[in-house]
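> Dropping the sequence and predicted coords here.
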Amino acid sequence: MRERLILGALALATALLPVAALADDPHDPTMRTAAARARDHAIIRRLNQNELAYVRQRDARYAEGWHAYRARGANSKDYAHRRSDYERANQRYAQDQGQYQRQMAAWRRAVAACRAGDYSACDN
């Protein structure tokens with residue numbers, strides 16, 4: 001039992017120890033010759049160029065989609081309808097807010113009059 005515990009702790013400690021990365025190891029035996037380093041450089045360059053081409057194509061697709069979205073959204077009847085609904089809602093809100101403020105001012109005046117002794121204002 002004790003041996004299992006020790007082996008388990010050793011396995012856990014081994015798993016948690018950092019592992020040295022082998023990338024760009026100056027002592028890597030496979031990279032000792034100039035030809036091997038040139039081959040490695042060419043492979044990495046090709047991978048980077050492929051990734052750059054992929055990103056450019058992806059960004060071009062995104063740009064096309066956004067352009068189509070903007071063209072469709074800014075010129076469509078649906079957009080104009082939504083815009084007019086929005087403006088009407090803002091106007092209604094401003095009117096409602098104004099009415100609310102007028103009612104609150106009248107209520108405050110009635111409360112002040114009631115507190116001042118005008119008991120007919122207390123019924124409001």
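That came through fine.

> For Y69, list the residues it contacts.
For Y69, the contact set (C-beta atoms under 8 Å, 6 or more residues apart in numbering) is empty. C-beta coordinates here come from the backbone N, C-alpha and C atoms, glycine included.

> Would you tell me what helix or strand it is located in?
Taking DSSP states H and E as the definition, Y69 sits inside helix 34-75.

> what pLDDT, on average, does that helix get?
Helix 34-75 comes out with an average pLDDT of 89.

> Just give me how far it sits from the chain centre.
Put simply, helix 34-75 sits 22 Å off its chain's centre (C-alpha atoms, centre = their mean, to the nearest Å).

> next structured bit after it?
Taking DSSP H and E, what comes next after helix 34-75 is helix 77-116.

> Could you list the buried residues of that following helix?
A110 (16 or more other C-beta atoms under 10 Å).

> Run through the neighbouring helices and strands of it.
The criterion is 3 or more C-beta pairs under 8 Å, 6 or more residues apart in numbering; DSSP states H and E, and there are no helices or strands that helix 77-116 contacts.

> and the angle from that helix to helix 34-75?
Counting by axes from the mean of the first three to the mean of the last three C-alpha atoms, to 10 degrees, helix 77-116 lies at 70 degrees to helix 34-75.

> And for R39, the neighbour number?
Applying other C-beta atoms under 10 Å, we find 13 residues neighbouring R39.

> who's in contact with it?
By C-beta under 8 Å, 6+ apart, R39 has no neighbours at all.

> Return the distance of it relative to Q103.
83 Å (C-beta to C-beta, to the nearest Å).

> How far does stretch 79-98 sit from its chain's centre?
For stretch 79-98, the distance to the chain centre is 29 Å (C-alpha atoms, centre = their mean).

> Stretch 66-79 now?
23 Å.

> What is the neighbour count of D40?
14.

> If you could redo that for I43, that was the one I meant.
10.

> H67: what's it in contact with?
Taking C-beta under 8 Å, 6+ apart as the test, H67 contacts no residue whatsoever.
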